[in-house]
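**Student:** Here is the input, now give the coordinates:
(one chain, ligands or ions: 1)
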Amino acid sequence: MGDRQMLPEHTVRMEKSLTVTPATRPNERSDAAPAFHIQPLRKLRRTFGRLGPRLVPFFEAFFLGKGIRPMTRTTLVAFDLDDTLAPSKSPMDPRMSRLLSELLDIVEVCIISGGQFSQFKMQAIDNLPDSSSSHLDRLHLMPTCGTQYYRFEDSLWKQIYAENLTEDEKARALAAVEARAKELGLWEDETWGPILEDRGSQITFSALGQAAPVAAKQAWDPSGEKKNTLREAVQADLPDLEVRSGGSTSVDITRQGIDKAYGMKKLAELTGIPLDDMLFVGDRLDENGNDYPVKALGVRTHAVDDWEDTAAYLEKLIPELRNATL
Ligand SMILES: [Mg+2]
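**Tutor:** Coordinates of the predicted model:
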């Protein structure tokens, strides 16, 4: 095959029926170098009998020698929660539950969000199919951007770790945000539940309380000016911590550098799965969105508008991943 062109547009045919296809899937990085993947082992086996699997390293070495890298595999798919798997603050639809269950049959799955475990439970876990019918042991839960980590072990969701703020950090954060909010006239009298919440790894200020109705929240600070003013004032008081404006009425205080990229790096450490083999799906991958740090980290991403969009994407992705599984 010496005179055969080795970087074709679509397909290289080698030997008799072994086909090596360049990576052209929509979820692949478009700027990637030419890539290949060897057809699933069972097909190699059909062609070459028991010798098939042993030939894979030789084909790989051959292509690497030509400067063609192996195609990225996807062995883990990570999802944002709100507006990606479920409507904001609401339970997941049965259609999404069925798709997640199908996906868990093929790959590892992670859900990562800024929210608390209780939110994961209400929106996702309580609506997942029966543990006996799906691989819940392949599901990785990362509340509060991966500063907490949960796995399904012995039929229970267990917290594996939580990186909480120290008592001193919490006390300073609570004091600063309360003092500045009062000073700026942003400490409301009429609220739906407490304004301040200790989430362990995060202190959250919610101007109208945790349980405020959506309409009231949206009306409170439509321009984002109040939140930003408060954020800046509190940040000046807490130079060693990170202060961010969160939801429509909230300001969050965490350790520095805690975002979804932090969580994804933790996930790679914990699972041993390289970031290159992961795919992230989220609704806020735009530059100002809370999913953007994952994209900036270099993880392959797929942007969606809402959970229905995610469902439609999974209906295409699942058969693709199933075919690519050796
Ligand atoms: Mg979201």
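**Student:** Run through the helices of the protein in chain order.
**Tutor:** In the chain, the helices defined using DSSP state H lie at 41-48, 52-65, 94-104, 117-123, 167-183, 214-220, 225-237, 260-271, 292-296, 307-324.
**Student:** Out of the ones you listed, the one nearest S250 is which?
**Tutor:** helix 225-237 (7.5 Å; CB to CB). Yep, even glycine has a C-beta here, placed from its N, CA and C like the rest.
**Student:** what is the mean pLDDT for the closest one?
**Tutor:** For helix 225-237, mean pLDDT rounds to 95.
**Student:** next one: that helix to chain centre, how far?
**Tutor:** 28 Å (CA atoms, centre = their mean, to the nearest Å).
**Student:** follow-up on the earlier one: let me have the helices of the chain in JSON lines, extended by mean neighbour count.
**Tutor:** Formatted as JSON lines, the helices of the chain follow (neighbours: other CB atoms under 10 Å):
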{"stretch": "helix 41-48", "mean neighbour count": "15"}
{"stretch": "helix 52-65", "mean neighbour count": "14"}
{"stretch": "helix 94-104", "mean neighbour count": "18"}
{"stretch": "helix 117-123", "mean neighbour count": "18"}
{"stretch": "helix 167-183", "mean neighbour count": "16"}
{"stretch": "helix 214-220", "mean neighbour count": "13"}
{"stretch": "helix 225-237", "mean neighbour count": "17"}
{"stretch": "helix 260-271", "mean neighbour count": "20"}
{"stretch": "helix 292-296", "mean neighbour count": "19"}
{"stretch": "helix 307-324", "mean neighbour count": "17"}
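**Student:** Now for whichever residue of the stretch 201-326 of the chain sits closest to the ion: which residues touch it?
**Tutor:** Relative to the ion, the nearest point of the stretch 201-326 of the chain is D283 (4.5 Å; CB to the ion). Applying CB atoms under 8 Å, 6 or more residues apart in numbering to D283 gives the contacts D80, D82, D83, T84, G289, D291, A303, V304, D305, D306, D309.
**Student:** again, only this time at 7 Å
**Tutor:** D80, D83, T84, V304, D305, D306 (CB atoms under 7 Å, 6 or more residues apart in numbering).
**Student:** Nearest residue to it in space, please, no chain neighbours.
**Tutor:** Distances taken as CB to CB, 6 or more residues apart in numbering put D83 closest to D283, at 4.3 Å, once the chain neighbours are dropped.
**Student:** these two touch, right, that neighbour and E308?
**Tutor:** No. Checked against CB atoms under 7 Å, the pair D83 and E308 is beyond contact range at 10.4 Å.
**Student:** where does the closest residue in space to K226 that isn't next to it in sequence fall, phi/psi-wise?
**Tutor:** Among residues not flanking K226 along the chain, L186 sits closest, at 5.7 Å (CB to CB, 6+ apart). Backbone geometry at L186, expressed as degrees, to the nearest 10, gives phi -110, psi 10.
**Student:** where's L186 relative to E197, distance?
**Tutor:** Note on L186: its distance to E197, by CB to CB, to the nearest Å, is 16 Å.
**Student:** Those two: which is more packed in?
**Tutor:** L186 (21 against 18; other CB atoms under 10 Å).
**Student:** Model confidence score at that one, please.
**Tutor:** At L186, pLDDT is 97.
**Student:** Can you give me every residue that contacts it?
**Tutor:** A207, K226, L230.
**Student:** Can you pull the domain assignment for this protein?
**Tutor:** 12-70, 76-147+274-324, 167-255 (automatic domain parsing).
**Student:** Can you pull the residues of the stretch 51-200 of the chain lying near the ion?
**Tutor:** Within the stretch 51-200 of the chain, the positions near the ion by CB under 5 Å from the ion are D80, D82, D83.
**Student:** out of those, which are buried?
**Tutor:** D80, D82, D83 (16 or more other CB atoms under 10 Å).
**Student:** Kindly indicate which of these lies nearest I273.
**Tutor:** Nearest member of these to I273, counting by CB to CB, is D80, at 18.3 Å.
**Student:** Can you check the pLDDT for that closest one?
**Tutor:** Note for D80: predicted pLDDT of 96.
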